[in-house]
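Student: only geometry, no sequence info:
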């Protein structure tokens, strides 16, 4: 079991949108969100998790963050009205070592065969982006995607 002092905190909720500019404005006006960054350059891991991603922005609302993203061309972005727009929940930990602990915990539970997984996909490797942020993705038993991240972790300390 993970050390109880290694409790992840909610970092962000990822939401797919058909119109990034419209969504940014809405999150600013409705939640009082503050745009903290926007990008159209993505790591291989991001592209593998969000195929066709073209733009992404983060809005901070207090301690929580929303990662809003668009995929593909305008015609490809239009999903059925009842299609889910939720993509994943991100939990932040304080150290790169905690990332390894959480990833190992997932592997341990999966290997115990005590749980039935809707999707048996293994967690991704831990990767480090250009800003030093480390993260990995995993699925819960229902197929809900979680990202675990260490913001600005020690760049030299990889999994």
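Tutor: Received it, and whenever you're ready, just let me know what you need. Remember, it's a predicted structure, so these values are computed and weren't measured experimentally.
Student: in this structure, where is pLDDT below threshold?
Tutor: Scanning the chain for pLDDT under 70 picks out 1-4, 73-85, 142, 153-159.
Student: helices of this protein, start to end?
Tutor: Ranges of helices within the chain are 20-31, 44-49, 74-77, 96-111, based on DSSP state H.
Student: which helices and strands does the longest one pack with?
Tutor: This means helix 96-111. Applying 3 or more CB pairs under 8 Å, 6 or more residues apart in numbering; DSSP states H and E, one finds that helix 96-111 makes contact with strand 134-139, strand 145-150. (Each C-beta comes from the backbone N, C-alpha and C, glycine too.)
Student: turn these into TSV, including distance to residue 123.
Tutor: Below are the helices and strands packed on helix 96-111 laid out as TSV (distance: least, CB to CB, whole Å):
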stretch	distance to residue 123
strand 134-139	4
strand 145-150	9
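Student: nearest to residue 126, of the ones you listed?
Tutor: The closest of the helices and strands packed on helix 96-111 to residue 126 is strand 134-139. By CB to CB, the value is 4.6 Å.
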